[in-house]
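Participant: Fold the stuff below for me.
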Amino acid sequence: MTSSVSTKPKKINLRRPDVMKEVQAEVVTHYRSSLVEYIRAHENRVVVPGRMTVRLAKQFGFCYGVERAIDLAYAARKVFPNPTRIFLLGEIIHNPEVNEQIEMMGILAISSRPSMEELEDLTSEDVVIIPAFGTEVGTRQIIQEKGCVIVDTTCGDVMSVWKRVKQYSKDRVTSIIHGKAWHEETKATSSQATAYSGHYLVTFTLEETDRICDYILHGGDKADFLTIFKGAYSEGFDPDIHLEAIGVANQTTMLRGETEEVQRRLKEAMEQKYGTKDLGNHFRYFDTICSATQDRQDALEKLLTVPMDLLVVVGGYNSSNTSHLAEMGEACLPTYFIKNAAMMESCETIKHFNQHRQIEEFTSDWLPEGNITIGITAGASCPNNLIEETIRRLFDLKMIPLEDAFPKEAIGLSKQ
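Facilitator: Next up is the predicted model:
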């Protein structure tokens, strides 16, 4: 597991066949979409001749890790019915509708980085769910020492990154983590990087990466460097010492191309300073981008080669992998990042998220008249029912009856 604490967590089998049968039935009811399944079975597009074409990316929506996290949360409620208290660290995934559904089941959300007051309230009779992003070593240690039942839904891809950075730490190699220092996953990974008294430094942008490269090659004002990266490095980190041997890792939901560029620039700097022959003693790198994240990016990249009037990206605003899909779309055509179908208020007005300004904003005249083609994709934390609601809303706005494009069974079996 992620902690070196000797206290062993209680072993509970949540994946019993009887439990999972009930869980699967409930999950299907909450998140399935027959309409989306129909479109997927018909080349990921639906065409109303002369009026509108909707194209779905080949890969979108729930990934295996998200499905597993949701299944385990639902199973926990069934195995530990009320009045047992079940707590969730932050959000199970980054989707407001899914988290609201979890809350409606009586699962209590506490901070992703719980305060001492929240932790002190826990007892050995409580259940604590660790979300798909994982949690920091110190938080897990306290929960474990409390004797709580731990339901660990941490994604396997995230744990693969942890394995790498822990090895870096063991080998006295500083982890350079490409990610968002404020994101739950990166915070958890950073805590793993300090195992064996190791160190880490988080870089978010290529500009920040260039600053690291420049310091590696030329040194500089240490105080200024640490100010620039405030909140993004380990306690006791000293760039004069801890940038002599580095290993690159990443938040699993970053853009692969950007992570590869971070790796390339850092490798080039280390090679320039220490030489090709000695590079292995100073630089390491492993590919730890989540395969589901990459599949969705690849699918959108292919979709963007098709002529379209606009792109709609559906998902939670704090979802890292979803935000990168929106970035990809914005580089090519009008793109609207929405959390649900209600954001499409009318043909004249849409409310969407501007991730660069971190606010919701309104755009007028967003939906063109006449025959149009609309692309739709969604992040790995977005359920199919929200995609269906988006499609239904587009048909409503264009005043096209669903029956003009779908068989009755696809419409009738879908969640209304």
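Participant: first to last residue in stretch 308-321, what's the distance?
Facilitator: Taking CA to CA, to the nearest Å, the first and last residues of stretch 308-321 lie 22 Å apart.
Participant: model confidence over that stretch, on average?
Facilitator: Stretch 308-321 comes out with an average pLDDT of 96.
Participant: now stretch 219-238
Facilitator: Mean predicted lDDT for stretch 219-238 stands at 97.
Participant: what's that stretch in contact with?
Facilitator: 174, 181-182, 190, 193-194, 198-204, 208, 211, 214-215, 239-240 (CB atoms under 8 Å, 6 or more residues apart in numbering). Yep, even glycine has a C-beta here, placed from its N, CA and C like the rest.
Participant: again, only using 10 Å
Facilitator: With contact meaning CB atoms under 10 Å, 6 or more residues apart in numbering, stretch 219-238 is reached by 169, 174-175, 177, 179-182, 186, 190-191, 193-194, 197-204, 208, 211-212, 214-215, 239-240, 242-243.
Participant: What subset of those residues is buried?
Facilitator: 169, 174-175, 177, 179-181, 186, 190-191, 193-194, 198-204, 208, 211-212, 215, 239, 242-243 (16 or more other CB atoms under 10 Å).
Participant: now, which of these lie within strands?
Facilitator: Secondary structure defined by DSSP state E assigns Thr174, Ser175, Ile177, Tyr200, Leu201, Val202, Thr203 of those to strands.
Participant: I'd like those as a markdown table, with pLDDT and distance to Asn95 appended.
Facilitator: What follows is those, written out as a markdown table (pLDDT from 0 to 100; distance: CB to CB, whole Å):
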| residue | pLDDT | distance to Asn95 |
| --- | --- | --- |
| Thr174 | 98 | 34 |
| Ser175 | 98 | 29 |
| Ile177 | 97 | 24 |
| Tyr200 | 98 | 28 |
| Leu201 | 98 | 30 |
| Val202 | 98 | 24 |
| Thr203 | 98 | 27 |
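Participant: In CSV, list those residues along with distance to Thr373.
Facilitator: Formatted as CSV, these follow (distance: CB to CB, whole Å):
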residue, distance to Thr373
Thr174, 48
Ser175, 44
Ile177, 39
Tyr200, 45
Leu201, 44
Val202, 39
Thr203, 38
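Participant: Show me which of those is closest to Asn250.
Facilitator: Of all those, Asn250 sits closest to Ile177, with 6.4 Å by CB to CB.
Participant: any idea how far that closest one lies from Thr53?
Facilitator: According to CB to CB, to the nearest Å, Ile177 and Thr53 sit 41 Å apart.
Participant: and if you look at Thr174?
Facilitator: Using CB to CB, we find Thr174 at a distance of 50 Å from Thr53.
Participant: which regions of this structure sit below the pLDDT cut-off?
Facilitator: 1-11, 413-416 (pLDDT under 70).
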